[in-house]
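**Q** coords please:
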Amino acid sequence: MSSLRPFTDLDQLREHVPAAAYPIVVNFLRRNPVQVRIVKPRLTKLGDYRSASGGRPHTG
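**A** Next up is the predicted model:
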């Protein structure tokens, strides 16, 4: 069983979003629900996204 609790109170988001952006973000999140998981920071950079090179697209 997960110890994660769903974050449903959008007012708590206010302290993390610029004041001018808050109404836009809240409107977006109400139309497009998301699940956010807060995790510990990673210890290495292993797995960082790297753009495609040599004119070839990413595979896999």
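**Q** in the protein, which ranges drop under the pLDDT threshold?
**A** Scanning the chain for pLDDT under 70 picks out 1-8, 38, 47-50, 58-60.
**Q** okay, which residue is most central for it?
**A** Geometric centre of the chain, nearest residue: residue 36, 6.1 Å, by Cα atoms, centre = their mean.
**Q** how far away is it from residue 56?
**A** 33 Å (Cβ to Cβ, to the nearest Å). C-beta here means a position set from N, CA and C on the backbone, and glycine is covered the same way.
**Q** what does residue 33 give?
**A** Note on residue 33: its distance to residue 56, by Cβ to Cβ, is 36 Å.
**Q** likewise residue 10?
**A** Counting by Cβ to Cβ, the gap from residue 10 to residue 56 is 42 Å.
**Q** More neighbours: those two, which one.
**A** Higher neighbour count among residue 10 and residue 56: residue 10, with 14 against 7, using other Cβ atoms under 10 Å.
**Q** So what's the residue count around residue 44?
**A** Considering only other Cβ under 10 Å, residue 44 is surrounded by 6 other residues.
**Q** next one: phi and psi at it?
**A** Residue 44 adopts backbone torsions of phi -130, psi 170, taken as degrees, to the nearest 10.
**Q** And it, how close does it get to residue 9?
**A** In terms of Cβ to Cβ, residue 44 sits 33 Å off from residue 9.
**Q** separation between the residue nearest to the centre of the chain and residue 23?
**A** 19 Å.
**Q** Next: residue 32.
**A** Distance, residue 32 to residue 23, using Cβ to Cβ: 15 Å.
**Q** Settle it for me: which of those two has more neighbours?
**A** Between residue 32 and residue 23, counted using other Cβ under 10 Å, the more crowded position is residue 23 (10 against 7).
**Q** SS state for that one?
**A** The three-state assignment at residue 23 reads helix, by DSSP: H, G, I helix; E, B strand; the rest coil.
**Q** most remote residue from this protein's center?
**A** residue 54 (29.8 Å).
**Q** Distance of that residue relative to residue 24?
**A** Distance from residue 54 to residue 24, by Cβ to Cβ: 39 Å.
**Q** Surely residue 26 touches residue 13?
**A** Yes. Counting by Cβ atoms under 8 Å, residue 13 is a contact partner of residue 26 at 7.2 Å.
**Q** Fine by me, we can end here.
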